[in-house]
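**Student:** No letters, just coordinates:
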């Protein structure tokens, strides 16, 4: 639904829910399903539907297990956490948004350092 920003979210939301249900029923890979949830949350936030965005991000985390997603799909995990930070910011919770964004950055830096150490050991 790349053009969903052209339509009011209330018209697009049922289609996004249907798409998510179909992806789940078809046994879509975790990455495809998580990407769908992320896009739905982003669209909801941009439309001012903060409760829908929050519920979708929660569904994304519960469905994949937040720890498992951070290990298996680190870039998708980071995007989900940054989307949560944007949602907090949109709700007026700038302090929480900033803290979460900095936490994501620290996590990604630590992962990069760990990967660099691992690749140095291989050589």
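**Tutor:** In hand now; what should we look at? Everything numeric in this text was worked out from a predicted model, so none of it was measured. Residues are numbered from 1 along each chain as shown.
**Student:** What is the neighbour count of residue 51?
**Tutor:** Using other C-beta atoms under 10 Å, the number of residues around residue 51 comes to 8. All C-beta atoms are positioned from the backbone trio N, CA, C, and that covers glycine.
**Student:** swap that for residue 9, please
**Tutor:** 19.
**Student:** now the one 3 residues further on
**Tutor:** The burial count assigned to residue 12 is 20, neighbours taken as other C-beta under 10 Å.
**Student:** so it makes contact with residue 44?
**Tutor:** No. Counting by C-beta atoms under 8 Å, residue 12 stays clear of residue 44, with 9.5 Å between them.
**Student:** Neighbours of residue 18, how many?
**Tutor:** Around residue 18 there are 10 other residues, counting by other C-beta under 10 Å.
**Student:** That one: what secondary structure?
**Tutor:** Secondary structure for residue 18, judged by DSSP: H, G, I helix; E, B strand; the rest coil, is helix.
**Student:** any idea how far it is from residue 116?
**Tutor:** Counting by C-beta to C-beta, to the nearest Å, the gap from residue 18 to residue 116 is 43 Å.
**Student:** can you check residue 23 too?
**Tutor:** Separation of residue 23 from residue 116 (C-beta to C-beta): 35 Å.
**Student:** Can you read off the pLDDT for residue 82?
**Tutor:** Looking at residue 82, its pLDDT reads 95.
**Student:** Renumber starting at 47 from here on
**Tutor:** Yes, from this point I'll number from 47; that puts the last item at residue 128.
**Student:** Pull the contacting residues for it.
**Tutor:** Residue 128 makes contact with 147, 150 under the criterion C-beta atoms under 8 Å, 6 or more residues apart in numbering.
**Student:** Helices along the protein, start to end?
**Tutor:** 55-71, 76-92, 96-110, 112-118, 120-136, 140-168 (DSSP state H).
**Student:** rank those by mean pLDDT and give me the bottom one.
**Tutor:** Across those, the lowest-scoring stretch is helix 112-118, with a mean of 57.
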